[in-house]
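A.B. asks: can't give you the sequence, but here's the structure:
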Ligand code: NAD
């Protein structure tokens, strides 16, 4: 595994491709935006006219593109990577895309005997520059091991999540949680500001409780993940407190829509007879709503 085709040299792809070059691999890149390729040329990378050209003679083709349609187009569209890939060339898609599109790409690749690793990344463009991304890889163990030295140029943490498609799934689940928590965090800080409380003091308080420390690090491992929903803090009390927070936010003219949605879930738990269970039993409520036993 020496020659890499790199398709998509944007905010993330450019520093990632640079780090692959620094790691001693030969990189030939393609981007529909020619400007994005110029600096890579100065860093010792080759430049192709299209995805097919970037894939020619490559052991591995990496895609780092905005969305699933872009990956489908770059791989299967006119002058797409598939036209340049040899029988053993492996596709590594590092974009954040819909996991069902990852499945579709893997399935279409298998028609020509090609395999794929999905390896989306966590963290930011700064980490991409520093080669310190967190990479969630999905694929056959042998394929993930084969591309490991390349992934290590771009990230300091590589987690093999399971078969092809599982990297994309874990990435999306991770993003779902952090993106949703971002809104709840903003709501809480806005409510603090609107109610005349010192925001930094509120942050200090919340960093000492589950609010700031997070359920995954505190309540879930101590309770519901162990199968224990005996009440520590009860669903009924959480429902009551969320009602107080919503009433207070209304008085402060502060919209907290995530809180309003959350209260409905606590109400559902009560309807399911979980009012006197621990508040982490919300996991069981949501699992039930999703049809899980
Ligand atoms: P970007 O828009 O900066 O870069 C995408 C590049 O792809 C662009 O240079 C564009 O010209 C090129 N491109 C689009 N279609 C193409 C095609 N058919 N062939 C060749 N090149 C094509 O986006 P980005 O920030 O680098 O993000 C890339 C992926 O990484 C996205 O899926 C994003 O969600 C994910 N991601 C981004 C971050 C971040 O902090 N920016 C963090 C983690 C993951």
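C.D. replies: Nice, thanks for sending it over. Keep in mind the model is a prediction, meaning the values are calculated, not measured. Numbering: from 1, shown residues only.

A.B. asks: check whether stretch 102-111 comes near the ligand.
C.D. replies: No - judged by C-beta under 6 Å from any ligand atom, stretch 102-111 makes no contact with the ligand; its nearest approach is 11.7 Å. (Each C-beta comes from the backbone N, C-alpha and C, glycine too.)

A.B. asks: show me which residues of that stretch are buried.
C.D. replies: 102, 103, 104, 105, 106, 109 (16 or more other C-beta atoms under 10 Å).

A.B. asks: show me what contacts the first one?
C.D. replies: So the one you mean is residue 102. Neighbouring residues of residue 102 by C-beta atoms under 8 Å, 6 or more residues apart in numbering: 68, 93, 116, 118, 138, 164, 165, 167, 168.

A.B. asks: among these, which lie within strands?
C.D. replies: 93, 116, 118, 138 (DSSP state E).

A.B. asks: pLDDT score assigned to the closest residue to the first one other than its chain neighbours?
C.D. replies: Closest residue in space to residue 93, ignoring its immediate chain neighbours: residue 63 at 4.7 Å, by C-beta to C-beta, 6 or more residues apart in numbering. Reading off the per-residue confidence, residue 63 sits at a pLDDT of 98.

A.B. asks: find the centremost residue of the protein, please.
C.D. replies: residue 171 (2.8 Å; C-alpha atoms, centre = their mean).

A.B. asks: do the helix or strand harbouring that one and the ligand meet?
C.D. replies: Using DSSP states H and E, the element containing residue 171 is helix 166-194. No - Helix 166-194 lies out of reach of the ligand by C-beta under 6 Å from any ligand atom, never closer than 8.0 Å.

A.B. asks: tell me the buried residues in the host helix or strand of residue 127?
C.D. replies: If you go by DSSP H and E, residue 127 is part of helix 125-130. The neighbour-count check on helix 125-130 (16+ other C-beta under 10 Å) flags 127, 128, 129 as buried.

A.B. asks: could you name the helices and strands sitting against that helix?
C.D. replies: helix 13-22 (3 or more C-beta pairs under 8 Å, 6 or more residues apart in numbering; DSSP states H and E).

A.B. asks: state the helix or strand in which residue 156 lies.
C.D. replies: Assessed by DSSP H and E, residue 156 sits inside strand 155-162.

A.B. asks: packing partners for that strand?
C.D. replies: Counting by 3+ C-beta pairs under 8 Å, 6+ apart, strand 155-162 packs on strand 133-138, helix 141-154, helix 166-194.

A.B. asks: just name the most buried of the ones you listed.
C.D. replies: Mean neighbours per residue, mean count of other C-beta atoms under 10 Å, is largest over the helices and strands packed on strand 155-162 for strand 133-138, with a mean of 25.

A.B. asks: in terms of secondary structure, what does that one contact?
C.D. replies: By 3+ C-beta pairs under 8 Å, 6+ apart, strand 133-138 packs against strand 116-118, strand 121-122, helix 141-154, strand 155-162, helix 166-194.

A.B. asks: and the longest one, how far out from the chain middle?
C.D. replies: If you compare the mean C-alpha spot of helix 166-194 with that of the full chain, they lie 12 Å apart, counting by C-alpha atoms, centre = their mean, to the nearest Å.
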